[in-house]
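[1] here is a sequence with its predicted model. Questions after.
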Amino acid sequence: MGLPLQYAVRNLLRDPSRLAQTVAGSGLVVLLVMGAQSLNHGMRETLRASGSPRTVVLLGAGSEESIQRSEIADRAAGIAEASIAGIETVAGRRAVSPEIQYMTPLHAAGRLRRSGFLRGVTPAALLVHPDVALIDGRFHGPGEVIAGRLAWKRLGVRPEDLRPGSTIRFDNTDLTVSGVFAAGGTVMESEIWADLNDLRTLARRETLSCVMIRLQPGADPADAELFTRQRLDLELSAMTESAYYEQLARFYAPVRALTWLTAALIAVGAVFGGLNILYAAFASRIREIGTLQAVGFGAPALVASFIQESLLAAMMGTLFAGFAATALSDRLTLYFTTGAFTLSLTPVGAAAGLAAGLAMGLVGAIPPAIRCLVPPLPQALRAA
Amino acid sequence: MNPTDTPLIRCRDVRKSYRKGETLVTPIESLHLDVPRGEFLALMGPSGSGKSTLLNLMAGIDRPTSGVIEFDGQPIQDLSRGHLAAWRARHVGYIFQLYHLVPVLTAFENVELPLLLDPMPRRERRERVEAALALVGLAHRMHHFPRELSGGEEQRVAIARAIVANPPLLVADEPTGDLDRDAADSVLGLLRALSRDHRRTIVMVTHDPRAAAVADRVLHLEKGRLLEGAR
């Protein structure tokens, strides 16, 4: 049997400021780990959910990394519709959606301009993007837009500022919101969709960004690629939507790695800070530790007690971080060029945070504990 | 030879030396000493004479550079640090000049510490702690923390901690050195009673002739060697 748990608990309370520093340091690290995991998970899942292998994107050759930079001729949509085999047909209409994707500053609710993502579409867009469903209002007509259910976050306004009947301003033109749509957790939920012709005029564009085509189940996307090779005059490139978002996910991989690196660097700093605090805490008790050894407690019992003490502090930090993460979960929205996602605490994130807290408690205690047990016992008993 | 005739502690040609910078310090030199069972032995001598070092060697707190220390016929000088800790838990109760109570534990919890090293039912542990505290006259103070006790009371708690596991040897390093006369007399009376009534073997280091007077035998050390003067 080792030292009683209350020994570790009461030692923690000996110096409240030292305890506060340890708890704050471990809590910060745990929160960062949870945040980094949440960010990575959110971005990955949003991009993963955003692509369908049955949807082919025709975009300008050489613009495969960004639809927004792509420019293709207006006539490409009609030619593709007539030439590509296996296009899905819904209620007699072919699922071919010519689109303009455009990032521009927007005013909403009289607030400062924030960058918004506009997609100019025709009603055929609903055939190509089956995840999109209106949850309020109706599809837009000329002079109107429909807003993704998370677009308000991106524009920094309240949800009611993008409800049907409200307006957004693009340059000097007011566009009325006619509806709100959900899109199955994809990046489109932070977009604003406008009439294709309106956006062509407002953005002063004579070209499309892309043509989206929905294929029948079992149809081969290679047919679309073959089409782009046959019609070199259109200067097109074809890729499935899922491949496009996978490529985008790879593009953001360094950003995601950076979040882990930042969390790791801060964690290393916090571990060293924690080590210093525990060195000081244990060093101030060298005589007491010597006394316990004189009574008969061996090094394993003492190290176990130090680890208990360190783990308790780290777990308090982890608990606070868990509360903070739960409170912030689903409230913070992050944006990237093509979309937005909400940070949320996942079971994996909670487990990662808990693991980080446990690791800090363990790693933080062992070196100071060993150092305090090194002095010969007679010397420890004479320590001040 | 009857086992009870064997001295509890037997030191043969014990030497302890260590380096302090460039200098080799030898606090104990070629020391021979037997401590019979049940004896109350006082070690006296000037500062630096080696009496605390000798006490630490007999208590398994320190190890000799050479020579043999037998406890109950078993050599202890070669035990590893871990084995020595386990040996101390079973065989030695240590009383320090400055009490060395753990400040975050109550008197009861301090006294209970040695009993945590052996598997024992909680009720038995409680009874033994209460008995030890009653023996030192502090049953009514068992839930007080050391900061709430006087120096004399702290030392009596330390004595209760030393005796609670019933070790064959009690060692005391200047147990009255930090106490006023009344408290010192109380502590010495307690040690005397433990020796006389409970047949405990006690080795005490002291500067104080009044303290040494309660012992069965007094040995003087000087420069690491025992002088004549046993009584």
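    Sure, I can see it.
[2] chain neighbours aside, what residue packs nearest to A:Gly42?
    Once flanking residues are discounted, A:Gly42 sits nearest to A:Phe341: 4.0 Å by Cβ to Cβ, 6 or more residues apart in numbering or on different chains. For every residue, glycine as well, the C-beta is placed using N, CA and C.
[3] now do the same for the one you found: helix, strand or coil?
    Three-state assignment for A:Phe341 (DSSP: H, G, I helix; E, B strand; the rest coil): strand.
[4] what mean pLDDT does the helix or strand harbouring A:Phe282 have?
    For A:Phe282, the host element (DSSP states H and E) is helix A:241-283. Here helix A:241-283 scores 85 as its mean pLDDT.
[5] wondering if that helix reaches chain B at all.
    No - applying Cβ under 8 Å from any Cβ of the partner chain, one finds helix A:241-283 separated from chain B by no less than 12.3 Å.
[6] helix or strand next in line after that helix, which one?
    The C-terminal neighbour of helix A:241-283 among helices and strands, as given by DSSP H and E, is helix A:286-295.
[7] so is that following helix next to chain B?
    Yes - judged by Cβ under 8 Å from any Cβ, helix A:286-295 comes into contact with chain B at A:287-288, A:291-295.
[8] of the residues you listed, closest to B:Val68?
    A:Ala294 (22.2 Å; Cβ to Cβ).
[9] quick one: low-confidence parts of the chain?
    Just going to use chain A. Counting by pLDDT under 70, the ranges of chain A that qualify are A:1, A:49, A:111-112, A:334-340.
[10] wrong one, chain B
    Residues of chain B meeting the criterion pLDDT under 70: B:1-5, B:228-231.
[11] dump the residues of helix A:286-295 next to chain B to TSV, plus neighbour count.
    Listed next are the residues of helix A:286-295 next to chain B as TSV, based on neighbours: other Cβ atoms under 10 Å in any protein chain shown:
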residue	neighbour count
A:Arg287	17
A:Glu288	21
A:Thr291	25
A:Leu292	22
A:Gln293	22
A:Ala294	26
A:Val295	23
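[12] B:Ala85: what's its closest spatial neighbour, skipping adjacent residues?
    A:Gly298 is the one closest to B:Ala85 (Cβ to Cβ, 6+ apart), at 4.2 Å.
[13] measure the residue most central in space within chain B to B:Val203 for me?
    The residue lying closest to the centre of chain B (Cα atoms, centre = their mean) is B:Val171, at 1.1 Å. Distance from B:Val171 to B:Val203, counting by Cβ to Cβ, to the nearest Å: 5 Å.
[14] for A:Ala8, give me its contacts.
    Remark: with contacts taken as Cβ atoms under 8 Å, 6 or more residues apart in numbering or on different chains, A:Ala8 is in contact with A:305-306, A:308-309, A:312.
[15] what two of the residues of helix A:286-295 next to chain B are the furthest from one another?
    Between all members of the residues of helix A:286-295 next to chain B, the farthest pair (by Cβ to Cβ) comes out as A:Arg287 and A:Val295, at 12.8 Å.
[16] for the residue in chain B that chain A sits nearest to, pull up the helix or strand it's in.
    Going by Cβ to the nearest Cβ, chain A is nearest to B:Ala89 of chain B, at 2.5 Å. Using DSSP H and E, B:Ala89 maps to helix B:81-91.
[17] quick one: contacts of that helix?
    Residues outside helix B:81-91 that contact it (Cβ under 8 Å, 6+ apart): A:293-300, B:59-61, B:63, B:71-72, B:76, B:79, B:94, B:114, B:117-118, B:165, B:167-169.
[18] try stretch A:299-306
    A:2-3, A:7-8, A:278, A:282, A:289, A:292-293, A:365-366, A:368-370, A:372-373, B:81-82, B:85.
[19] of these, just the buried ones, ChimeraX syntax please.
    Filtering the contacts of stretch A:299-306 down to the buried ones (16 or more other Cβ atoms under 10 Å in any protein chain shown) takes a single ChimeraX command:
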select /A:2,3,7,8,278,282,289,292,293,365,368,369,372,373 /B:85
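[20] pull the contacting residues for B:Leu41.
    B:35, B:202-204, B:215-219.
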